[in-house]
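Student: Below are the sequence and a predicted model for it; my questions follow.
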Amino acid sequence: MINLGDAVAQQLVENRRPAQRSAAIDAVRVLGIVAVVAGHVFEGAFVLKGLFTWHVPVFFFLTGYLWTTNRSFVAEVGKRVRTLIAPYAAWLVLISVPFLTAMGLLGKLDASNLMPIILGGSYLGSPFSAFWFITALFVSSLTFRILRKGPPITQLATVILALALAATVGPTLAAVPLSVGVAIPCVAFLAAGAAARSYRPRIARPAPVAVILLVMSAVLIIAGISAPLDIKNGDFGTPVLSMLVAGGISFGLVLAAESILPNLGRVANKSVTTLALCGLMVVFTHAFVIWILRLATLSDWGVFAIALLAPWGAAVVVSRSRLSPLLVGSPYKPAPTP
């Protein structure tokens, strides 16, 4: 259904060197992570309408946007285990130890603390708020890899099925442990990203298209026509429309970033890529920082700043150590010898 045999797209995925990554795509990743942290700190209609439609779908969209066709299913499993599941397991242990210790000291340690850690997905709350997304992305990626090997009609039928499931049995899917259930509708976001990438060469002026996509999406959201998404709990918003709007915002952000980032210079682009490479650790750890900070009398903005900057600063340091593959999900690269 979708042909992504584009050498540039393959290089963006397969080559880990910052110089050969797309700073524009990395900028969208960074923006998405900032939005995820904000969504876990702030409350209100602005956050719900302004962030929840796109701040998680954009990561599924980008996975499809950068999809490469020359990887086998076995290689896909290996890649996703290294970059997603290994860090997931490591941080699950590292956060569970102090969390369960604190619950024990408070006399609150029981099955209600232990079972969510085992079941994962929607069963996990603070301080594991974003862990569900990792297992959902893992399952969605493997499912999409299988689909891409099949005929176009099978891919199209699966996307239609994904939209139907999201519209009808979302909460039931969310009850499946490790977010395996909600991962299936999320395949539609990967398909949308792949379709957008195949169409991208036809867009000669990305900036106006970005404005159109973002403004149209904003109008639909503000008018209440497109409801926000809460994928973790199986709420996919207005049937079909909210998922289309999420894809439109995601593509709009990519086009906007591709219009802006080249004008910011090499240093800015390199900095954005560095932040993006360290972003996974922020996803895992920011909710733990928020959980601790809620014990203090800090404003929401204070909590947001610390929960964003402290994990990212720590991630940059860890990324330069041999712990990087396990905790950051990116390869360890020793500094060049003088």
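Tutor: Cool, got the structure.
Student: how about the CA coordinates for stretch 201-211, as CSV?
Tutor: The C-alpha coordinates for stretch 201-211 follow below in CSV (Å, rounded to 0.1, in the frame of the first residue of the first chain):
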residue,chain,number,x,y,z
PRO,A,201,8.5,14.7,-1.9
ARG,A,202,5.4,16.2,-3.6
ILE,A,203,5.3,19.1,-1.1
ALA,A,204,7.4,21.9,-2.5
ARG,A,205,6.5,24.5,0.1
PRO,A,206,6.2,22.7,3.5
ALA,A,207,5.6,25.8,5.6
PRO,A,208,2.2,26.8,4.2
VAL,A,209,1.0,23.2,4.3
ALA,A,210,2.1,23.0,8.0
VAL,A,211,0.1,26.1,8.8
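Student: Now for residue 59: which residues touch it?
Tutor: 29, 32, 133, 137 (Cβ atoms under 8 Å, 6 or more residues apart in numbering). For the C-beta atoms, the positions are set from N, CA and C on the backbone; glycine is no exception.
Student: Between those, which sits nearest residue 200?
Tutor: residue 29 (17.2 Å; Cβ to Cβ).
Student: In the protein, where is pLDDT below threshold?
Tutor: Confidence mapping of the chain against pLDDT under 70 gives the ranges 1-20, 334-338.
Student: Spatially central residue in it, please.
Tutor: residue 59 (3.5 Å; Cα atoms, centre = their mean).
Student: Regarding that one, what is its secondary structure?
Tutor: Under DSSP: H, G, I helix; E, B strand; the rest coil, the three-state class of residue 59 is helix.
Student: before we move on, what about the one 10 residues further on?
Tutor: Following three-state DSSP, we place residue 69 in the coil state.
Student: in terms of contact, does it touch residue 149 like I think?
Tutor: No: taking contacts as Cβ atoms under 8 Å, residue 69 lies outside contact range of residue 149: 9.5 Å.
Student: so of the contacts of residue 59, which ones are in helices?
Tutor: 29, 32, 133, 137 (DSSP state H).
Student: Dump these into a markdown table; add distance to residue 90 and neighbour count as well.
Tutor: Compiled in a markdown table, those are given as follows (distance: Cβ to Cβ, whole Å; neighbours: other Cβ atoms under 10 Å):
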| residue | distance to residue 90 | neighbour count |
| --- | --- | --- |
| 29 | 21 | 22 |
| 32 | 22 | 24 |
| 133 | 16 | 24 |
| 137 | 17 | 22 |
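Student: Which member of these is positioned nearest residue 223?
Tutor: Using Cβ to Cβ, the ones in helices among the contacts of residue 59 come closest to residue 223 at residue 32, 24.1 Å.
Student: Excluding residues flanking it in the chain, which one is nearest that closest one?
Tutor: Closest residue in space to residue 32, ignoring its immediate chain neighbours: residue 58 at 4.7 Å, by Cβ to Cβ, 6 or more residues apart in numbering.
Student: Can you give me every residue that contacts the one you found?
Tutor: 28, 32, 246, 249, 250, 253.
Student: Give me the phi and psi for residue 230.
Tutor: phi -140, psi 80 (degrees, to the nearest 10).
Student: in stretch 83-103, what's buried?
Tutor: Residues of stretch 83-103 classed as buried under the neighbour-count rule (16 or more other Cβ atoms under 10 Å) are 83, 84, 87, 88, 90, 91, 92, 95, 99, 102.
Student: if we can go back for a sec, okay, residue 69 and residue 149: which has more neighbours?
Tutor: Legend: neighbour count by other Cβ atoms under 10 Å for residue 69 and residue 149, higher for residue 69 (15 against 12).
Student: about what we covered before: now tabulate the contacts of residue 58 in CSV and tack on distance to residue 47.
Tutor: Conversion of those to CSV gives the following (distance: Cβ to Cβ, whole Å):
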residue, distance to residue 47
28, 19
32, 14
246, 16
249, 15
250, 18
253, 17
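Student: Can you tell me which of the residues you listed are classed as buried?
Tutor: By 16+ other Cβ under 10 Å, these give 28, 32, 246, 249, 250, 253 as buried.
Student: Contact partners for the residue lying closest to the last one once chain neighbours are set aside?
Tutor: So the one you mean is residue 253. Among residues not flanking residue 253 along the chain, residue 28 sits closest, at 4.9 Å (Cβ to Cβ, 6+ apart). If you count contacts by Cβ under 8 Å, 6+ apart, residue 28 has them with 58, 62, 250, 253, 254, 257.
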